[in-house]
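S.K.: this one's sequence-less:
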């Protein structure tokens, strides 16, 4: 399996309603990239205004992602017409369920959002589409697609089906050498819960975490940022591997092999 190209943004991706152009610049200033949302964040009656605001915007195109409406809808076609008049070329496709859903996005870098039962099961085939640079999962739409009512237990932990979907999307992304983006934490005030989820996302290989409020950005960044001691230990370990001349070796009382060195290289990439 080849390694995915470098993730083009930092770890905190902030959603911004596309019908609120007065928030665009501030959202981009606060986050590593902004997701201008034409779908769930916008009342259907305001989607025409949202497209007009998108077309009139003037943001750094290297740090903008546009979430369009699902494939097969009239809103999707209208979104793509508006998007074509902008310099933005990164798109998030919600409720992606089959490779054909991406047929209209061949000129874009795509984050395919696997947030239905069909989408999670199709994650491997979606990740294999050449335009897809990342997969993301979503808990609330997933549970809604199952006919359920809640993605979390009363104590805030995800229910098993959500944990399974998260893992399935992460594995599908890695198997096709694309990135994985972790979903939003809806409880804005629960920064401790967000921190725990973001730290877990880092530990298992997510490239970024999406968020819905500027106040969540620094918590995500802190989780993805290795501390100086972790960076120093990774550099020391890689130097020891070079001096060992290859193969398994002992370092500070533990055996070190290829996977352990890969972990150290991942720390340096995040630094």
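M.R.: Perfect, thanks for sending it. The model shown is predicted, which means the values in this text are computed figures rather than measured ones. Numbers count the residues shown, from 1 in each chain.

S.K.: Can you tell me which helices and strands the strand or helix carrying residue 78 packs against?
M.R.: Counting by DSSP states H and E, the element that carries residue 78 is helix 74-84. On a contact count with 3 or more CB pairs under 8 Å, 6 or more residues apart in numbering; DSSP states H and E, helix 74-84 meets helix 47-56. C-betas here are computed from N, CA, C, even on glycine.

S.K.: who does the helix it packs on touch, helix- and strand-wise?
M.R.: helix 74-84.

S.K.: And the contacts of the next helix or strand after the helix it packs on?
M.R.: Under the assignment DSSP H and E, the closest C-terminal helix or strand after helix 74-84 is strand 90-93. Residues from elsewhere that reach strand 90-93 (CB atoms under 8 Å, 6 or more residues apart in numbering): 8, 33, 35, 64-68, 70-71, 83, 101-102, 105, 108-113, 133, 136.

S.K.: Mind listing residues that contact the helix holding residue 78?
M.R.: Helix 74-84 is contacted from outside by 38-39, 44, 47-48, 51-52, 54-55, 66, 68-70, 91, 104-105, using CB under 8 Å, 6+ apart.

S.K.: What residues sit buried inside it?
M.R.: Under the neighbour-count criterion of 16 or more other CB atoms under 10 Å, helix 74-84 has 75-76, 78-80, 82-83 buried.

S.K.: closest to residue 164 among the residues you listed?
M.R.: residue 76 (28.1 Å; CB to CB).

S.K.: Checking the spatially closest residue to the closest one that is not a sequence neighbour next. Helix, strand or coil?
M.R.: Excluding the flanking residues, the one nearest residue 76 by CB to CB, 6 or more residues apart in numbering is residue 69, at 4.6 Å. Local secondary structure at residue 69 is given as coil here, using DSSP: H, G, I helix; E, B strand; the rest coil.

S.K.: pLDDT score for residue 69?
M.R.: Residue 69 is assigned 98 on the pLDDT scale.

S.K.: doesn't residue 35 fall inside a helix?
M.R.: No: according to three-state DSSP, residue 35 belongs to no helix; its state is strand.

S.K.: I figured it hits residue 68, correct?
M.R.: No: with contact defined as CB atoms under 8 Å, residue 35 does not reach residue 68; the gap is 10.8 Å.

S.K.: List the buried residues of stretch 88-101.
M.R.: By 16+ other CB under 10 Å, the buried positions in stretch 88-101 come out as 88-97, 99, 101.

S.K.: now the end-to-end length of that stretch.
M.R.: In terms of CA to CA, to the nearest Å, the two terminal residues of stretch 88-101 are separated by 20 Å.
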